[in-house]
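sequence plus the predicted model coming up.
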Amino acid sequence: MRLLRRRSIRILAAVSAVAATATLAALGALGLVTVADAVLLTAMAGLGGLVCVLGLGLIRLRRSVLALPAAVAAHTHTVTEALGRDRLELTAALDEIRARVDRVHAHALPKVSREIRHAVTVQGRNDYEQQVAWTELRENLDTAAFMPPLRGWAASPDVLRVLVRQIDLLRPGLVVEFGSGASSVWLGYALRRAGGGRLVAIEHDARYAELSRELVAAHGLDDMIEIRHAPLTEVESVRVLVGDETVRTADRWYDASVLADLDGIGLVFVDGPPQATGRHARYPAVPAVLPHCTEDAVIVLDDADRPDERAIGDRWLAEHPELQRSEEHTEKGTHVFTRKGA
């Protein structure tokens, strides 16, 4: 529409100029005006047309200038509304973030703080108890100056204290340990203090068995301790219930032939195979050794705080009703099994 208006103004100005020029030319031809007057009048007519065009342009410019504030106001209003919406959305998002932070401060942080304090307290108590047990073992067993470390992969001092107490009470002629290492040395010292006895430690890893033999020899206990290498061999795997989960048990255990010549076992320490062997990896120990045990034999299961080991103990009790269980409060959990009435 604006383009049509522009073209109309240009055409009108051109027609006016042509009409004025033609009129002046006709008047000159009729002799009503001189040629000089005609030229002058033509120039004036052209100038008048140009003035008209400029006037029309000024009118259009004025209209545009007058319309500009309204356009700027409308655009400003649109931008302001958009910014207002964005600000409201940003404010709402920040409010939600503040609310989440408040919830974290109100609930999560106190809970985490309580858990950290509890963990530190428990760890401190465990560390203290292990130090006490270590000191008692050292003082009562008359050990060498430098003893192999306990805890971690090795048995903790408090479970060794349980075993030493059983050795003092039972005076067993034969102790069997599933697993070997630092605990074997400590148990050897306990047997020596008790006046005799023999320890057979069953180890599935050939290299570790050799290291255990070297450790035993370094403490001069190789006359009382025998480290037997028994690689893990295939056993039957079954499905059992652990908590609410049905799992398949490990399909490997020590080569049971290493137990064939062992009779009169008075104490059994079940601390292997390692957990990585599979679920219920330590279960076969009782079915394998119970026929070789004395009537008053004691079976000690380490790591009994783990769900698998507790479930293993449940299976032992269900399948061997002559057994009973008691629990010792140790760092990793210790369950002690004896025959009823023994």
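Structure's in. What do you need?

any idea how many residues pack against residue 253?
Look at residue 253: counted by other CB atoms under 10 Å, it has 25 neighbours. C-beta here means a position set from N, CA and C on the backbone, and glycine is covered the same way.

how would you label it: helix, strand or coil?
strand (DSSP: H, G, I helix; E, B strand; the rest coil).

show the contacting residues for it.
232, 233, 235, 273, 277, 281, 284, 288 (CB atoms under 8 Å, 6 or more residues apart in numbering).

list the contacts of the first one.
Remark: with contacts taken as CB under 8 Å, 6+ apart, residue 232 is in contact with 204, 252, 253, 254, 255, 273, 277.

and the first one, what are its phi and psi?
The reference is to residue 204. phi -80, psi -20 (degrees, to the nearest 10).

partner residues bridging the closest residue to it other than its chain neighbours?
Using CB to CB, 6 or more residues apart in numbering and skipping the chain neighbours, the partner closest in space to residue 204 is residue 232 (4.9 Å). Beta-bridge partners recorded for residue 232 (DSSP bridges): residue 254.

do you know how far residue 232 is from residue 203?
11 Å (CB to CB, to the nearest Å).

same check on residue 271?
11 Å.

now swap in residue 245 and tell me
31 Å.

compare the two and say which is more crowded by neighbours.
Counted by other CB under 10 Å, residue 245 and residue 203 do not tie: residue 203 has more neighbours, with 27 against 9.

all strands for this structure, in order.
174-178, 198-203, 225-229, 232-234, 239-242, 245-248, 252-254, 265-270, 293-302, 323-328, 334-339 (DSSP state E).

which of the ones you listed has the lowest mean pLDDT?
Among the strands of the chain, strand 239-242 carries the lowest mean pLDDT, at a mean of 86.

by contact count, what packs against that strand?
Where contact means 3 or more CB pairs under 8 Å, 6 or more residues apart in numbering; DSSP states H and E, strand 239-242 is packed against strand 245-248, helix 307-319.

please identify the most buried of these.
The highest average neighbour count among the helices and strands packed on strand 239-242, using mean count of other CB atoms under 10 Å, belongs to helix 307-319 at a mean of 18.

could you tell me the least trusted of the helices and strands packed on strand 239-242?
strand 245-248 has the lowest average pLDDT among the helices and strands packed on strand 239-242, namely a mean of 90.

other residues contacting it?
237, 238, 239, 240, 241, 278, 279, 280.

looking at these, which is nearest residue 54?
residue 279 (100.2 Å; CB to CB).

tell me what that closest one is bridged to.
Beta-bridge partners, per DSSP bridges, of residue 279: residue 249.

still on that earlier bit, mutual contacts of residue 271 and residue 203, please.
With CB under 8 Å, 6+ apart as the test, residue 271 and residue 203 both reach residue 179.

before we move on, back to that, got JSON lines for the helices and strands packed on strand 239-242, with distance to residue 92 too?
Formatted as JSON lines, the helices and strands packed on strand 239-242 follow (distance: least, CB to CB, whole Å):
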{"stretch": "strand 245-248", "distance to residue 92": "44"}
{"stretch": "helix 307-319", "distance to residue 92": "46"}
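
can you give me the helices in the stretch 101-250 of the chain?
109-141, 157-170, 182-194, 206-218 (DSSP state H, counting those that start in this stretch).

ok, residues contacting the third one?
When contacts are defined by CB under 8 Å, 6+ apart, helix 182-194 is touched by residues 137, 140-143, 147-150, 154-155, 160, 163-164, 167-168, 171, 175, 177, 197-199, 201, 212, 215-216, 219, 221, 224-225, 227, 269, 271.

circling back to that earlier point, quick one, which of the strands of the chain gets closest to residue 91.
Here strand 245-248 is closest among these (CB to CB), at 48.5 Å.

the closest one pairs with which strands, parallel or anti?
Per DSSP bridges, strand 245-248 is paired in its sheet with strand 239-242 (antiparallel).

which other residues reach the partner strand?
Outside strand 239-242, the residues that reach it (CB under 8 Å, 6+ apart) are 246, 247, 248, 249, 279, 280, 307, 308, 311, 315.
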